[in-house]
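Trainee: give me coordinates for this.
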Amino acid sequence: MEILKQPIRHPSAWKGSDFRSKDDITLHFEAEHLEEIDRTLKAAVQAGLRLETLERQHFELPRTAALLQATRDELRLGRGIVILRGIDASRYSVPELEMIYWGIGTHLGVGVSQSVLGDRLGHVQDKTATDPHARAYRNKQELTPHTDTSDIVGLMCVRTAREGGISIASSVAAVHNALLAQFPEYLEPLYEGFPYHRRGENLPGEAAITPHRIPVFSYVEGQLSCRYTRSYIETAAREGGAPLSQLQVDALNCLERLTYEFAFEFQLDPGEIYLLNNYTVLHARTAFENWPEPEKARLLLRLWLTADDWRPLDPRINATRSGIAAQEGKLPSFERSFGSGRIATQRS
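Mentor: Numbers count the residues shown, from 1 in each chain. Prediction:
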C-alpha cells in the first residue's frame, strides 16, 4: 500500500472558492453543434433506432468532435468536472433527450448498467411513492459525498425541482492535500479501506459483504483515485460484526467535513449536462421538494461510462468500475437503511 506523501499540484486540486460561478467549468455547444446534433437525432429516429439500439456509429458528430474531445480531456487530465450547455430541453421529448444524451456519451466512453434493473440511462427522480426503500437516485432526500461505479458520471437536467436539488462537487486532490497537511493520521485507515456491503446488488452466490477491503484512496502509477460510499461501509460494519474503530470513524468524518468545506455548489438547469471524473471528484446533492404537478417533477438523466484509457487503478477498484449487473426480479432498493432524514452516501 503506497500512501502519497506529497501535495498534489494539478488542476484537479481545486476548491469551490476558485470558481466564480458554474460558467467557469462550462463548455458551450455552438449553433453548428446543435444543428448537427439535431440532424443526427432525426436520422437515427427515421432509421428506427431506439435508445436500446443506439450506438456510436449511429451518432457521428464530426463538427462537434473537437468540443467533445476537449470535454474528455478536461475530465481525464484536467479539473475532472465539466458542464456542457446549449441544448434547449423544451424542444425535445424525454425519449429524444435520452437519445441525444446517450449519443453524446458514446463519444466519451461506453455506457454500463446503473442498477439491478439494467438501466441503460438512469432516471434520477423521486420514486418513493411506489418504492419506499428506493436507492438514492430514486428518492428526494439529501445525498452526502460519494463516488459511483464507473469511470465517468454524467447528469443531464430535464426538469428542476420546486426547491432544492443543488449539486455539490468536491476535488479529491484538494481534500487529500488538506488531510496530508492537517490530519495525516487519517491517511492510513483511508488507504487501508473498508469492507463494503453490496446492499442487494450482489449476484447469486456472491457474499453480501465484500471479502476484501476497498480503499478510499489509492495511489497507482502517480495517480490518486478515490472510491467512497459511506453507507455501504457502515452497513458492512454493522452486519458483518466488525464495528468501525474510533480512528476509522474520525477519518471518515474528517473526510466528509473537508469535502463540504471545499465544495462547489450549483443548480443544474434544463438542458445542461454535468460530467465528472468519478475518481477525482466526489459528488453530492441537497434534498429537494417537487412541484405538485407530476408532469413538472424533477427529472435528471444519469449516465455511467467506462473508458479503457482512463487511468491506472488499484485492482480492488478496477473490479467495480463496470457498473451493476442486471438481475431479473430485483429493484434498486435496500430496506435496511440507517439514519434519519439523510441518505448517507448511498450511490446517486
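Trainee: now do the phi/psi pair for the residue nearest to Glu256 when sequence neighbours are not counted.
Mentor: Leaving out its chain neighbours, the residue that sits closest to Glu256 by C-beta to C-beta, 6 or more residues apart in numbering is Pro145, at 5.9 Å. Quick note: C-beta positions are derived from backbone N, CA and C, even for glycine. Here is the backbone geometry of Pro145 (degrees, to the nearest 10): phi -60, psi 140.
Trainee: doesn't Tyr228 make contact with Pro145?
Mentor: Yes. Using C-beta atoms under 8 Å, Pro145 is in contact with Tyr228, at 7.1 Å.
Trainee: pLDDT score assigned to the residue nearest to Glu256?
Mentor: The score at Pro145 is 95. That number is its pLDDT.
Trainee: contacting residues for it?
Mentor: If a contact means C-beta atoms under 8 Å, 6 or more residues apart in numbering, then Pro145 has 168, 170, 228, 256, 259-260, 282-284, 345 as its contacts.
Trainee: show me which of these are buried.
Mentor: Using 16 or more other C-beta atoms under 10 Å as the burial test, the contacts of Pro145 include 168, 170, 228, 256, 259-260, 282-284, 345 as buried.
Trainee: wait, which of the contacts of Pro145 is closest to Thr64?
Mentor: Thr64 lies nearest to His283 out of the contacts of Pro145, by C-beta to C-beta, at 25.3 Å.
Trainee: in JSON lines, list the contacts of Pro145 along with pLDDT, secondary structure and distance to Phe183.
Mentor: Listed next are the contacts of Pro145 as JSON lines, based on pLDDT from 0 to 100; DSSP: H, G, I helix; E, B strand; the rest coil; distance: C-beta to C-beta, whole Å:
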{"residue": "Ile168", "pLDDT": "97", "secondary structure": "strand", "distance to Phe183": "21"}
{"residue": "Ser170", "pLDDT": "98", "secondary structure": "strand", "distance to Phe183": "16"}
{"residue": "Tyr228", "pLDDT": "97", "secondary structure": "coil", "distance to Phe183": "16"}
{"residue": "Glu256", "pLDDT": "96", "secondary structure": "helix", "distance to Phe183": "13"}
{"residue": "Thr259", "pLDDT": "97", "secondary structure": "helix", "distance to Phe183": "13"}
{"residue": "Tyr260", "pLDDT": "97", "secondary structure": "helix", "distance to Phe183": "15"}
{"residue": "Leu282", "pLDDT": "98", "secondary structure": "strand", "distance to Phe183": "17"}
{"residue": "His283", "pLDDT": "97", "secondary structure": "strand", "distance to Phe183": "22"}
{"residue": "Ala284", "pLDDT": "95", "secondary structure": "strand", "distance to Phe183": "21"}
{"residue": "Thr345", "pLDDT": "41", "secondary structure": "coil", "distance to Phe183": "19"}
